[in-house]
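1. Give me a 3D structure for the following:
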Amino acid sequence: MTVCRPKQGSVPPVPCPEPTALYPRQKSQSHDILPSNGFPARLSGAGTRRRGVSATQERPVVLRVRGLGKSFASPEGRVTALEGLNFDVHRREFLCVIGQSGCGKSTLIRILSGLEQPTSGELLLDGKAVHGPGPDRGMVFQSYTLFPWLSVKENVMFGPKMAGRTGPSVESEARQWIEMVGLSDFENAYPFQLSGGMKQRVAIARALANQPRILLMDEPFGALDAQTRAQMQDYLLQIWKNIDVTILFITHDLDEAVYLADRILVLKAKPGRIDEIIKSPCRDREVSIRAFFRLISRRKNASAK
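-> Below is the predicted model:
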């Protein structure tokens, strides 16, 4: 039994169960997220502080974005939200995307999830073009999107059931995911009975129950108070360390990005373009701290305009 340790001033440590057999092996999948023993896959270093960014970039590319653009029609003419985005996301990488309001962060993640179509460029997941939503991508929104008429357990079971899975194994796996996010005592509760942080933990469990290749998170902690937000960040890192999943995380909070990410993708606005991709100083001490302070300075200047 490990312990998720909140930041200073947060609530007392919350027991976090060790990962158990959450994923059945499915030969039809193009990727194998489980080792032969049936447990969630761990890379060397999982469960401890992560390896450097250079080691991350040696891993296979999961998500490849090339020349991505998005424009909308408006009474004044075409509005370009995103233009010429090029970047890769590696297996088990934690990539944060930040930028000022209006730079296209939410548009980008909606395109990655398949909820919107780009007007130019291509998006490849494991070498296959993405044209719409799919179970290979889990999505967690900023707003609370649980089904209010379903219990916590039923919300987590929803995805596997929609995929055609039945039987006691679905319920058993749902309970394990609920245990992993620390809500075993609330598996029969309904969303209106949960706090904001608890709802987002259920949303994370529901997204991971589909065995996604990549987890997309659109400012999931933005509506939470500071104390709960700090605890949720630690919960997310603890889960990430024990599950073979890649995370792309949208945030407007620089501190949050630095704390969570292996790399930080900075977007600039009008149109949304990549300004810089920075290795997080918290992940790789070989990175010049000057780059971090340049990022802070740019953010302050952008806010002042």
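2. all helices for this structure, in order.
-> Ranges of helices in the chain, per DSSP state H, are 53-56, 105-113, 152-162, 168-180, 196-208, 226-242, 254-260, 289-304.
3. Pick the most deeply packed of those helices.
-> Most buried of the helices of the chain, by mean neighbour count (mean count of other Cβ atoms under 10 Å): helix 196-208, with a mean of 23. (Glycine included, C-beta is placed from N, CA and C.)
4. helices and strands around that one, which ones?
-> strand 137-140, helix 152-162, helix 168-180, strand 214-218, helix 226-242 (3 or more Cβ pairs under 8 Å, 6 or more residues apart in numbering; DSSP states H and E).
5. got the CA positions of that helix in CSV?
-> What follows is helix 196-208, C-alpha atoms only, in CSV (Å, rounded to 0.1, in the frame of the first residue of the first chain):
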residue,chain,number,x,y,z
GLY,A,196,-16.2,18.6,-7.1
GLY,A,197,-12.9,16.8,-6.6
MET,A,198,-14.7,13.5,-6.1
LYS,A,199,-16.6,14.0,-9.3
GLN,A,200,-13.4,14.6,-11.3
ARG,A,201,-11.8,11.4,-9.7
VAL,A,202,-14.8,9.5,-11.0
ALA,A,203,-14.4,11.1,-14.4
ILE,A,204,-10.8,10.0,-14.5
ALA,A,205,-11.7,6.4,-13.5
ARG,A,206,-14.4,6.4,-16.2
ALA,A,207,-12.0,7.5,-18.9
LEU,A,208,-9.3,5.0,-17.9
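6. Rounded mean pLDDT for it, please.
-> Averaged across helix 196-208, pLDDT comes to 92.
7. what's the angle between that helix and helix 226-242?
-> 20 degrees (axes from the mean of the first three to the mean of the last three Cα atoms, to 10 degrees).
8. what about helix 196-208, distance to the chain center?
-> 12 Å (Cα atoms, centre = their mean, to the nearest Å).
9. And stretch 87-105, by the same measure?
-> 10 Å.
10. Sort out which residues of it are buried, please.
-> Using 16 or more other Cβ atoms under 10 Å as the test for burial, stretch 87-105 gives 87-100, 103-105.
11. Can you list the low-confidence ranges for this protein?
-> Applying pLDDT under 70 to the chain picks out residues 1-57, 281-305.
12. rerun at 50
-> Applying pLDDT under 50 to the chain flags the ranges 1-51, 284-288.
13. Switch the helices and strands packed on helix 196-208 over to JSON lines; also include distance to Pro75.
-> Formatted as JSON lines, the helices and strands packed on helix 196-208 follow (distance: least, Cβ to Cβ, whole Å):
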{"stretch": "strand 137-140", "distance to Pro75": "31"}
{"stretch": "helix 152-162", "distance to Pro75": "39"}
{"stretch": "helix 168-180", "distance to Pro75": "46"}
{"stretch": "strand 214-218", "distance to Pro75": "27"}
{"stretch": "helix 226-242", "distance to Pro75": "38"}
